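[1] starting from these lines, generate the structure:
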Amino acid sequence: MINRQEIISFKWHVDEVVYSAKENGKNISRAQAVEILKNQERKHEATYGITWARVDEILNELFGIFWR
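    Numbering: from 1, shown residues only. Below is the predicted model:
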C-alpha cells in the first residue's frame, strides 16, 4: 500500500510558462507552453529538477526562442 504522505509532486500550469515568456518580452501560445511542459516531463532530469533554466532551453530547442 502506498502511503500518500510519503509522496510529493510538483505541478506546473501552461499559464505559468505563457506568463513568464510574456514578462520576458516573448509571446508564446498555450500550445507551445504545453509542448514545453510535455518535453520537460519526458526528459526530466531528477538531479536538477524542473527549472526555469530548463524551460528556457526547451523553448530555444523547440521554437528557436531565447528569453533570458
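[2] what's near enough to touch Gln32?
    Applying C-beta atoms under 8 Å, 6 or more residues apart in numbering to Gln32 gives the contacts Leu59, Leu62, Phe63. C-beta: built from backbone N, CA, C; applies to glycine.
[3] buried subset of the residues you listed?
    For those, a burial check counting by 16 or more other C-beta atoms under 10 Å picks out Leu59.
[4] my read: Leu59 touches Ala21, true?
    Yes: with contacts counted by C-beta atoms under 8 Å, Leu59 reaches Ala21, the gap being 7.2 Å.
[5] for Val55, grab the count of nearby residues.
    The local packing of Val55 (other C-beta atoms under 10 Å) involves 22 other residues.
[6] once you drop chain neighbours, what's closest to it?
    Ile36 (5.9 Å; C-beta to C-beta, 6 or more residues apart in numbering).
[7] next up, the contacts around that neighbour.
    Shown in contact with Ile36 (C-beta under 8 Å, 6+ apart): Val17, Ile28, Val55, Ile58, Leu59, Leu62.
[8] Trp52 is in contact with Tyr19, isn't it?
    No: Trp52 lies out of contact with Tyr19 (C-beta under 8 Å); the separation is 11.7 Å.
[9] now do the helices in this protein.
    Counting by DSSP state H, the chain has these helices, from start to end: 14-23, 30-42, 52-63.
[10] nearest to Gln5, of the ones you listed?
    When these are compared by C-beta to C-beta, helix 30-42 sits nearest Gln5, at 23.8 Å.
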